[in-house]
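Chemist: I would like the atomic coordinates for the input below:
(one chain, ligands or ions: 2)
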Amino acid sequence: MSTLLEITALGKAFGGLRAVTDLSLALDGGELLTVIGPNGCGKTTLFNLLTGHLKVSQGDIRLDGRSILGLPPHQIARLGVGRKFQMPSIYAELTVAENIRLARQAAALIPLRYQAEGQGDAWAEQAGGDPYAAFLARLGLSEIAGQRAGTLPHGKKQWLEIAMVLLARPRLILLDEPTAGMTRREKLVAVGLLQDIRSQFGAAIIVIEHDMTFVEALGGRVAAMLNGRLVADGDFARVRQNRQLVEAYLGGAAAGPPAAGHSSDPRPPAPQLSPGDDPSHG
Ligand SMILES: Nc1ncnc2c1ncn2[C@@H]1O[C@H](COP(=O)(O)OP(=O)(O)OP(=O)(O)O)[C@@H](O)[C@H]1O
Ligand SMILES: [Mg+2]
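Modeler: Ligands and ions are numbered 1, 2, ... in the order given. The predicted structure is shown next:
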């Protein structure tokens, strides 16, 4: 696979605050990358720069060798970049099925040449019938297709939004804490699903995640950020030994997140290193 995404010396400042500093990273087509790091270290900001929701202060972002700096979010989306936001953005008043239907219509917006190369239809072929029924079944949404999306538990909302992103067949999928609010069982399903999306849809995926058990189970490459900088990049076994990261994040699980003055979302204390139990599941 060739290089799909190339980030070079990327920087973003909010006034005096440097949220992302001198960050360089390349991602191949179909590659899976997990981004970890403490609250406020710049992970979501990185996504906002990639999708054009924030203006880049320094550096460059290239998709297939072409700079996307200055492009508005809708144009970057049409180049095959799909995103799931940190807080699920679904149509709360519509049913699950109606949300899906809207996403199917939006799917036509990405030209074929910018869509993922793989055929997600494999799911449908396996089911031998309606491709969308198979799609919903694979994501665990069939039984709740008639429910109003706003009434779903957070974990199901996450699945719904992932489904909506997938339907556009983006070649690069950005998932911001997709397992937040999911039960342990759902998280295990999520691991299999993300691996499936990668192999069957052929999409490259960058996933931001705080649950280290999930990160380890997912496998693949891990990039760690601290204070806006990339401090480690490699397989998790190696990354988790990074001294800076252990001191600031992995080793201090009990200490909770640093106060980052972060206003957009209440964050769970991070990270979670133990297998843990889900009170909701036996
Ligand atoms: N639009 C903005 N304006 C000003 N400051 C911002 C803005 N967005 C983010 N920040 C600040 O930039 C820093 C990085 O925030 P970011 O949301 O990228 O962190 P994060 O790594 O995603 O954290 P979390 O794990 O809590 O989601 C924080 O200090 C945050 O307060
Ligand atoms: Mg974030």
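Chemist: Check the protein and tell me which residue is nearest its centre.
Modeler: The chain has residue 175 as the residue nearest its centroid, 1.1 Å off, counting by CA atoms, centre = their mean.
Chemist: Distance of that residue relative to ligand 1?
Modeler: 13 Å (CB to the nearest ligand atom, to the nearest Å). Glycine gets a C-beta too; all of them are placed from N, C-alpha and C.
Chemist: and the helix or strand containing that residue with ligand 2, contact?
Modeler: Taking DSSP states H and E as the definition, one finds residue 175 inside strand 172-176. No: Strand 172-176 does not reach ligand 2 (CB under 5 Å from the ion); its nearest approach is 5.9 Å.
Chemist: And that strand, how far out from the chain middle?
Modeler: Here the centre of strand 172-176 is set off from its chain's centre by 3 Å, with CA atoms, centre = their mean, to the nearest Å.
Chemist: Output the helix or strand that comes right after that strand as CSV, nothing but the C-alphas.
Modeler: Using DSSP H and E, the helix or strand that directly follows strand 172-176 along the chain is helix 184-196. In CSV, the C-alpha atoms belonging to helix 184-196 read as follows (Å, rounded to 0.1, in the frame of the first residue of the first chain):
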residue,chain,number,x,y,z
ARG,A,184,-16.9,-4.1,28.0
ARG,A,185,-18.7,-6.6,25.7
GLU,A,186,-19.5,-3.9,23.2
LYS,A,187,-15.8,-2.9,23.3
LEU,A,188,-14.8,-6.4,22.4
VAL,A,189,-17.2,-6.4,19.5
ALA,A,190,-15.7,-3.1,18.5
VAL,A,191,-12.3,-4.6,18.3
GLY,A,192,-13.5,-7.2,15.8
LEU,A,193,-15.5,-4.7,13.9
LEU,A,194,-12.7,-2.2,13.4
GLN,A,195,-10.4,-5.1,12.2
ASP,A,196,-13.2,-6.1,9.8
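Chemist: so what does helix 184-196 touch, helix or strand wise?
Modeler: helix 154-167, helix 212-218 (3 or more CB pairs under 8 Å, 6 or more residues apart in numbering; DSSP states H and E).
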